[in-house]
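Peer 1: Any chance you can model this:
(one chain, ligands or ions: 1)
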Amino acid sequence: MGGMRLAAVLGLVLGGGAGLVGACRERAQAVQSGSELKQVVQQMLPAVERATGLRFKHPPVVQRRTRAQVRDYVMHKFDSDLPTAELTGAQAAYRLFGLLPDTLDLRATLVALYTEQVAGYFDPDSATLYVAADVDSPLVRMTVSHELIHALQAQYLNLDSVLQQKRHNDRRAAAQAILEGQATLAQILVMMPEQQTEGLPSFWETRKVFRTQMAQMREYAHAPLWLRETLIFPYLAGADFVRWFDGRYPGRQPFDAAMPVSTEQILHPDRYSVRHNPMVLAFTGSDGGVRYEDDLGEFEIRLLFEQLLGDTAEAEAPQLASGWHGDRYRVLPAGERQDALVWYTVWSDATTAARFARGLERAWAHRWGAPGLGGGGGGGGGGGHRTPIADRPAHDRRQSRRAAGGRAGGLGRLAGDSAGAGNAMTVQTPTRIPPTR
Ligand SMILES: [Zn+2]
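Peer 2: Numbering: from 1, shown residues only. As a prediction, the model looks like this:
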């Protein structure tokens, strides 16, 4: 969702990154003054160009910022990038999915999380990279090297247009993974020029180490799984993808037309290499009254299962989400203080569609109680009825469309871009959910 695009603009340097480049700590010297900072930048430029294969068209500007100024910037970006309606719409959607607790204030949580996490940021508007003044001097070099890569990317890409693709959550997450993945990977090369990136373990596989390190950060430790995991995804999964890309297409950049279009492609580069693109879905008919609309994508569907399925979820979730071929949801008002979630998903074949549908039934039972029984939902928050409509997902596309179209009250019909649809199946997940408060 929107917070993700903010993260990229800020260019977080995750605390966990210290683990990967920990060896540099000893070499780092104190960087206190602004002129020392400028010197660090100057010395680093050739290494940044080597690591990325891109040349600076003009030199970057660098400045230090107090923690209070960093916080002001975060608030400002929120107000300009995420209008209240967008944020409350996303919040409603993720609450309905069960990915956010009913009581969580998304804006406050994101602001606190980013303020805590940000060591520096690159501001595309002023083309300036900022380093927080309270960042330890060993971290300064790491921060500068990371932000310099964003500064370089901004000279070749319009970062705002890439990261502010509204209502294309999955596509935006893929783009962000490219930007952060390249910054993470190149940052390591800048800090440790002798390092062969092929020799490093899978970044994604190191996320348990990250989690442990990040758990020391108060806001992060208390954030819901969905926020924690979507925060680190672009850095780790992105770095794996960019490393794969560099090996597969040496000398090329994963920008513009070469930009991956889904988290499925980030997670499974072989599907990127054959341009296995998701089916583009769109609701047809009136969107009057729609509170929010977007997609989840393969990665967030993984998180959905991970969040809702309990103990075995982490091992099971990747399989349940695999075979994803597109999705689209709407949050609709369903009466007095009620929201409804209508979600269409498309799968590569009947097997993956059925596997997902069975998994989702179990997941929904955790979230909302057993179908037809009502109550007993695990999502936290207030009481009230929690009886989802217990329709079984329709496994026939025509049937499910009819079901959607036949639902009075403008729930809308779904149209799919037929390109690449193949034997795709539509699993409709009709879920009318009573109020969450
Ligand atoms: Zn970054």
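Peer 1: Could you use CA atoms for every contact and neighbour count after this?
Peer 2: Noted.
Peer 1: What average pLDDT does stretch 237-244 get?
Peer 2: Averaging pLDDT along stretch 237-244 gives 96.
Peer 1: Next, the residues that contact that stretch from outside, please.
Peer 2: With contacts defined as CA atoms under 8 Å, 6 or more residues apart in numbering, stretch 237-244 is touched by 174, 176-185, 197-198, 202-204, 254, 266-267, 269.
Peer 1: Narrow those residues to those in helices?
Peer 2: Residues of these located in helices (DSSP state H): 174, 176-185, 266-267, 269.
Peer 1: PyMOL command to pick out the buried ones of these?
Peer 2: Command for PyMOL, covering only those of the ones in helices among the contacts of stretch 237-244 found buried under the criterion 16 or more other CA atoms under 10 Å:
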select buried, resi 174+176+177+178+179+180+181+182+183+184+185+266+267+269
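Peer 1: Whatever residue of the stretch 101-250 of the chain ends up closest to the ion and Thr230: what is the separation?
Peer 2: Closest to the ion within the stretch 101-250 of the chain is Glu180: 4.7 Å, counting by CA to the ion. Counting by CA to CA, to the nearest Å, the separation of Glu180 from Thr230 is 12 Å.
Peer 1: One more: Thr212?
Peer 2: 16 Å.
Peer 1: Same question for Tyr94.
Peer 2: 13 Å.
Peer 1: again with Arg358
Peer 2: Following CA to CA, the distance that separates Arg358 from Thr230 is 25 Å.
Peer 1: Neighbours of Asn222, how many?
Peer 2: To be clear, residue 222 is His; Asn isn't right here. For His222, the count of nearby residues is 13 (other CA atoms under 10 Å).
Peer 1: How confident was the prediction at it?
Peer 2: 90.
Peer 1: pLDDT of stretch 47-56, averaged?
Peer 2: 94.
Peer 1: In contact with Leu309, which residues?
Peer 2: Residues in contact with Leu309 (CA under 8 Å, 6+ apart) are Arg362, Ala363, His366.
Peer 1: pretty sure the second one is touching Phe305, no?
Peer 2: If I follow you right, that is Ala363. Yes: the criterion here is CA atoms under 8 Å, and Ala363 meets it with Phe305 at 6.4 Å.
Peer 1: Alpha carbons of the helix or strand containing Val331, as CSV, please.
Peer 2: Val331 belongs to strand 324-333 when elements are defined using DSSP states H and E. Extracted C-alpha coordinates of strand 324-333, given in CSV (Å, rounded to 0.1, in the frame of the first residue of the first chain):
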residue,chain,number,x,y,z
TRP,A,324,-1.4,-16.5,-8.4
HIS,A,325,-2.2,-14.9,-11.7
GLY,A,326,-3.9,-11.6,-10.7
ASP,A,327,-6.3,-10.2,-8.2
ARG,A,328,-8.4,-7.2,-7.5
TYR,A,329,-10.6,-6.2,-4.5
ARG,A,330,-13.0,-3.5,-3.5
VAL,A,331,-14.1,-2.3,-0.2
LEU,A,332,-17.8,-1.3,-0.3
PRO,A,333,-20.2,0.1,2.2
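Peer 1: what's that strand in contact with?
Peer 2: 89, 92-93, 264, 277-282, 289-298, 339-348, 352, 411, 424.
Peer 1: hmm, 6 Å instead?
Peer 2: The contact list for strand 324-333 (CA atoms under 6 Å, 6 or more residues apart in numbering) reads 278-279, 290-295, 298, 339-348.
Peer 1: Could you name the specific helix or strand carrying Glu49?
Peer 2: Using DSSP H and E, Glu49 falls in helix 34-52.
Peer 1: Show me what counts as buried in that helix.
Peer 2: Leu37, Lys38, Val40, Val41, Met44, Leu45, Ala47, Val48, Glu49, Ala51, Thr52.
Peer 1: Now the fourth one: closest residue in space, sequence neighbours ignored.
Peer 2: In other words, Val41. In space, not counting the residues next to it along the chain, Val41 is nearest to Val144; the distance is 6.9 Å by CA to CA, 6 or more residues apart in numbering.
Peer 1: Could you do the second one as well?
Peer 2: The spatial neighbour of Lys38 that comes closest, neighbours along the chain excluded (CA to CA, 6+ apart), is Val62 at 6.6 Å.
Peer 1: got it, and Leu303?
Peer 2: Trp226 (6.3 Å).
Peer 1: if I look at the residue lying closest to Asp294 once chain neighbours are set aside, how far off is Leu281?
Peer 2: Of all residues not flanking Asp294 in the chain, Arg167 sits nearest, at 4.7 Å (CA to CA, 6+ apart). Per CA to CA, Arg167 is found 12 Å from Leu281.
Peer 1: any shared contact partners between those two?
Peer 2: By CA under 6 Å, 6+ apart, Arg167 and Leu281 have no common neighbours.
Peer 1: Now Phe203, what are its backbone angles?
Peer 2: Main-chain dihedrals, Phe203, degrees, to the nearest 10: phi -60, psi -40.
Peer 1: so who does it touch?
Peer 2: Leu236, Asp240.
Peer 1: quick check: domain ranges of this protein?
Peer 2: The chain breaks down by automatic domain parsing into domains covering 11-273, 280-432.
Peer 1: what about Thr115, neighbour count?
Peer 2: Count around Thr115 with other CA under 10 Å applied: 21.
Peer 1: no wait, Arg207
Peer 2: 18.
Peer 1: Surely it is in a strand?
Peer 2: No: remark: Arg207 does not belong to a strand; assigned using DSSP: H, G, I helix; E, B strand; the rest coil, it is helix.
Peer 1: any idea how far it lies from Thr128?
Peer 2: 30 Å.
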